[in-house]
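**Q** sequence and predicted structure are below.
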Amino acid sequence: MNAHDKLDYLLRQGDNALILSQQLSQLCGKGPALEEDMALTNVALDLLGQTRMWYGYATELEGQGRSEDDLAFMRDAPALRCCLLVEQPNGNYADTMVRQFYFDTWHYFLMLGLLKSTDARIAEIAEKSIKEVTYHLRRSGDLVVRLGDGSAESHARTQAAADQLWMYTGEMFTYDAIDNAMAEQGVAPDAAGLRAAFLEHVAEIFAEATIAMPAADAWMQRGGKKGVHSEHLGFILAEMQFLQRAYPGAQW
């Protein structure tokens, strides 16, 4: 493991949180109920706060004078390392919540593993994030149950979302050389343990939600960790980065 590998790992975590935060923030004022609208916006803010912690460590490790804002607003899509799941469209509310549930489940067990990281700074980030991440998972799981075991319409939409988004979950457990290096050094948890915990929890919630769980061995999309993204990320960045691109260095 070298400093470049660790930097890439930090960017992956920060990019995941940033892009999902941006996606959720677009729903502010559009929630199905006021309480739910506020809750979803708070999740977006939690993720943004986590983004800053990952980016803060990344800029220090890189040591090239780049800021958190530079990482967020001045990189093109191929330079981002987020997983494909977080850049999928918000769609209807079942799409939004199933995407959130898949991410939250993985994120929760990842943070549990990172609490034991041999990198003290990463363990500190996990410790600061775990309470928020635990709430996120409890909330998204509850909503998946309510939607899946609700009306015929909500059930159908939730099942469709579960099936459609499943192909983007495998990437989170497909470890490359960087992930393996992090796991071997005890910086991050191993893939097998994460995947087993993820599948067990998803199966439990889907059973309660009366949602048929897709096959664990289904074909999976991948590429986000290497900067190969869907077309959706370009549109997300075009909106999110516009001001800094048009007026570099602009401040409030």
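**A** Perfect, thanks for sending it. Numbering: from 1, shown residues only.
**Q** against Leu237, how distant is Leu243?
**A** To Leu237, Leu243 is 12 Å away according to CB to CB, to the nearest Å. Using the backbone N, CA and C atoms, a C-beta is placed for each residue, glycine as well.
**Q** could you pull out the helices in the stretch 151-252 of the chain for me?
**A** Applying DSSP state H, counting those that start in this stretch to the stretch 151-252 of the chain gives helices spanning 152-166, 177-184, 191-208, 231-240, 242-246.
**Q** before we move on, what about the stretch 1-150 of the chain?
**A** Ranges of helices in the stretch 1-150 of the chain, per DSSP H, counting those that start in this stretch, are 3-25, 34-62, 68-73, 93-114, 120-148.
**Q** minimum distance to Phe173: which of those has it?
**A** Taking CB to CB, helix 93-114 is the member of these nearest to Phe173, at 7.8 Å.
**Q** so what's the gap between that closest one and the chain middle?
**A** Its chain's average C-alpha position is 7 Å from that of helix 93-114, according to CA atoms, centre = their mean, to the nearest Å.
**Q** name the helices or strands packed onto it?
**A** The helices and strands touching helix 93-114, judged by 3 or more CB pairs under 8 Å, 6 or more residues apart in numbering; DSSP states H and E, are helix 3-25, helix 120-148, helix 152-166, helix 191-208.
**Q** could these go into TSV alongside mean neighbour count, distance to Asp46 and mean pLDDT?
**A** Shown next, in TSV, are those (neighbours: other CB atoms under 10 Å; distance: least, CB to CB, whole Å; pLDDT from 0 to 100):
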stretch	mean neighbour count	distance to Asp46	mean pLDDT
helix 3-25	22	8	97
helix 120-148	18	4	98
helix 152-166	18	21	98
helix 191-208	16	20	97
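**Q** for Met172, find the nearest of the ones you listed.
**A** Closest among the helices and strands packed on helix 93-114, once you apply CB to CB, is helix 191-208, at 7.6 Å.
**Q** centre of the chain to that closest one, how far?
**A** That offset, for helix 191-208, works out to 16 Å (CA atoms, centre = their mean).
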